[in-house]
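J.: The sequence and its predicted three-dimensional model are supplied below.
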Amino acid sequence: MIEYILFVIGIALLIKSADYLVEGSSTLAKKLGVSSIVIGLTIVAFGTSLPELIVNVLASLKGSGDIAFGNIIGSSMANTLLILGVVALITSLKIKKGTTWKEIPFSFLAVLVLLVFSMASLLNKSGSDFLSRTDGIILMLFFSIFLYYVFELTKKDMKAKKSSNEIEIKKHSNFVISLMIFGGVVGLFLGGKWTVEGAVIIARTFGLSEFLISSTIIAVGTSLPELITSVVAVLKKNVDLGVGNIIGSNIFNIFWVLGLTAVISPLRFSEFIRIDLIILLFATFLLFLFMFIGKKHTLEKWQGVTFLLTYISYITYIIIRG
């Protein structure tokens, strides 16, 4: 029973600790004279992916590759189908052309590269079935390209509309800042540790796969920051932030989180992982396709319903699979 309680506390601790670490680091950076846009591109952007990263690193060190892959694939699936589905139900989303033609395809590329790596492992003469350190480095190189694209995009946006790029940062004393950063780091470690250990125990107790637990409970849990951010952004009529947060998170998850995790410790591919990647590839392509069906470059409510039904179907499938 203690393990189950720690599992729930672990997920909550991951979310709150990431929030404290981001807020404390952002305040410190602002005090040191770092611009808001740089803070947004670095601390805040990386901070929203910290729960997934911590869970993955600890899972890989424990040799639980299914948890690492399940967390990333499940989180990306939840981002695209669940969160965008919910947000689209609140209001129709007008998507920028740049997002349609560059960011969504880049997200598609991320899934495709990972799928190719999983397929290539089948043809490897050494018989290894891993996402290797070399693969991890390649993923991180793709991520550096994406960061360069975002940086250039931001520079253009700043020239056109400087004031819109300022993000609100709370003021705190140096003591509170230190407490937030230290507490955030400790909380992320403990939260990740309890979440991974709890997932393994739950899976073994009920005879379920670690992938199932990580791609549902853990994935949705670590995706809560993205869900909250996107819903709040849309309610404030900031659609670009809401959609960009989701698509950017998927790119971060695969190219940065999985890439760094594989560099630290290679991850073993499960036999069924390729099916889940194909489904995720389909979901990403569906998002791109919806930009040209109905209102152009708009995610409408009926399309949001389609996303939610697809997500429910996927969850049903992996539960039946066990």
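T.: Yep, that arrived.

J.: and the nearest residue to residue 104 once chain neighbours are set aside, what helix or strand is that in?
T.: In this structure, residue 104 finds its nearest non-sequential neighbour in residue 288, 4.9 Å apart by CB to CB, 6 or more residues apart in numbering. Yep, even glycine has a C-beta here, placed from its N, CA and C like the rest. Here residue 288 sits within helix 273-290, counting by DSSP states H and E.

J.: can you pull the contacts of residue 51?
T.: By CB atoms under 8 Å, 6 or more residues apart in numbering, residue 51 lies in contact with 14-15, 18, 188, 191-192, 221-222, 225.

J.: and if we set it to 7 Å?
T.: The contact partners of residue 51, by CB atoms under 7 Å, 6 or more residues apart in numbering, come to 14-15, 18, 222.

J.: And residue 53, by the same measure?
T.: Shown in contact with residue 53 (CB under 7 Å, 6+ apart): 257, 260.

J.: what's it sitting at in phi/psi?
T.: Phi and psi for residue 53, reported as degrees, to the nearest 10, are phi -60, psi -50.

J.: same deal with residue 172?
T.: When read as degrees, to the nearest 10, the backbone of residue 172 gives phi -140, psi 160.

J.: now residue 298
T.: The phi and psi values for residue 298, taken as degrees, to the nearest 10, are phi -140, psi 130.

J.: list the contacts for it?
T.: Contacts here follow CB under 7 Å, 6+ apart; on that basis residue 298 touches 92-95.

J.: Helix or strand with the lowest mean pLDDT in the chain?
T.: Using mean pLDDT, DSSP states H and E, helix 36-39 stands out as the lowest-scoring helix or strand of the chain, at a mean of 55.

J.: shaky segments in the stretch 1-150 of the chain?
T.: Where the stretch 1-150 of the chain drops to pLDDT under 70, the residues are 34-45, 48, 121-128.

J.: which residues in the stretch 201-322 of the chain form strands?
T.: Listed in chain order, the strands found in the stretch 201-322 of the chain under DSSP state E, counting those that start in this stretch are 267-268, 298-299.

J.: looking at the ones you listed, which is closest to residue 105?
T.: Nearest of the strands of the stretch 201-322 of the chain to residue 105, taken as CB to CB: strand 298-299 at 16.0 Å.

J.: Let me see the ranges of the helices in the stretch 51-200 of the chain.
T.: Ranges of helices within the stretch 51-200 of the chain are 65-77, 84-90, 97-98, 104-123, 133-160, 174-206, based on DSSP state H, counting those that start in this stretch.

J.: Any buried residues in the second one, and which?
T.: Buried residues in helix 84-90, counted by 16 or more other CB atoms under 10 Å: 84-89.

J.: What of the longest one?
T.: For helix 174-206, the buried set under the neighbour-count rule, 16+ other CB under 10 Å, comprises 177, 180-181, 184-185, 187-203.

J.: and if you look at the fourth one?
T.: Neighbour-count burial for helix 104-123 flags 104, 106-115, 117-118, 121 (criterion: 16+ other CB under 10 Å).
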